[in-house]
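[1] Would you be able to build a 3D model of this:
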Amino acid sequence: MTSMNFKAACFDLDGTLIDTGPPHRAAERVTVRAFGFDDLIADHPVTLGTGVIPGAQLVAEHYGIDSVEEVLAE
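    Numbers count the residues shown, from 1 in each chain. Below is the predicted model of the structure:
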């Protein structure tokens with residue numbers, strides 16, 4: 001294996017290079033619909049950028065879903 005030395009690295013943590021907001025929102029819509037909701041409710045929590053598990057916890061709490069594991073699985 002060859003070792004590479006880098007002089008710089010670029011991390012896109014805020015949508016500068018790729019806007020992941022729309023597909024993230026679409027995935028959340030699919031998830032809440034699987035639990036019987038028609039769509040995201042008006043005061044849906046902001047989960048983008050929170051991390052997978054914290055985001056799933058927010059969704060579970062906000063929608064009254066008992067199992068964070070089921071939200072993650074969905």
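[2] so A60, which of the three states?
    Following DSSP: H, G, I helix; E, B strand; the rest coil, A60 is assigned to helix.
[3] Next, count neighbours for it.
    With neighbours defined by other C-beta atoms under 10 Å, the count for A60 comes to 19. For every residue, glycine as well, the C-beta is placed using N, CA and C.
[4] Also the one 10 residues further on?
    Residues contacting E70 under the criterion other C-beta under 10 Å number 14.
[5] for F35, same thing?
    Neighbours around F35, by other C-beta under 10 Å: 15.
[6] Kindly report the same for E74.
    Counted with other C-beta under 10 Å, residues neighbouring E74 total 16.
[7] Equivalent analysis for A56, please.
    Neighbourhood size, A56 [other C-beta under 10 Å]: 23.
[8] what helix or strand is it on?
    Using DSSP states H and E, the element containing A56 is helix 52-63.
[9] tell me the contacts of V71?
    Applying C-beta atoms under 8 Å, 6 or more residues apart in numbering to V71 gives the contacts 31, 35, 56, 59-60, 65.
[10] which two in these are spaced the farthest apart?
    F35 and A56 (11.8 Å; C-beta to C-beta).
[11] just to revisit the earlier point, the contacts of V71 into CSV, with extra columns for pLDDT and distance to L17?
    Formatted as CSV, the contacts of V71 follow (pLDDT from 0 to 100; distance: C-beta to C-beta, whole Å):
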residue, pLDDT, distance to L17
T31, 96, 25
F35, 97, 32
A56, 96, 25
V59, 97, 26
A60, 97, 30
I65, 97, 33
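[12] tell me which of these is nearest to A8?
    For the contacts of V71, the nearest to A8 is A56 (33.7 Å; C-beta to C-beta).
[13] picking up where we left off before, may I see the contacts of V71 organised as TSV, with distance to V46 added?
    As requested, the contacts of V71 are exported to TSV (distance: C-beta to C-beta, whole Å):
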residue	distance to V46
T31	15
F35	19
A56	14
V59	11
A60	15
I65	18
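[14] Just the closest of the residues you listed to S3, please.
    For these, the nearest to S3 is A56 (37.6 Å; C-beta to C-beta).
[15] Can you find which helix in this structure contains the most residues?
    In terms of residue count, the longest helix belonging to the chain (DSSP state H) is helix 21-34.
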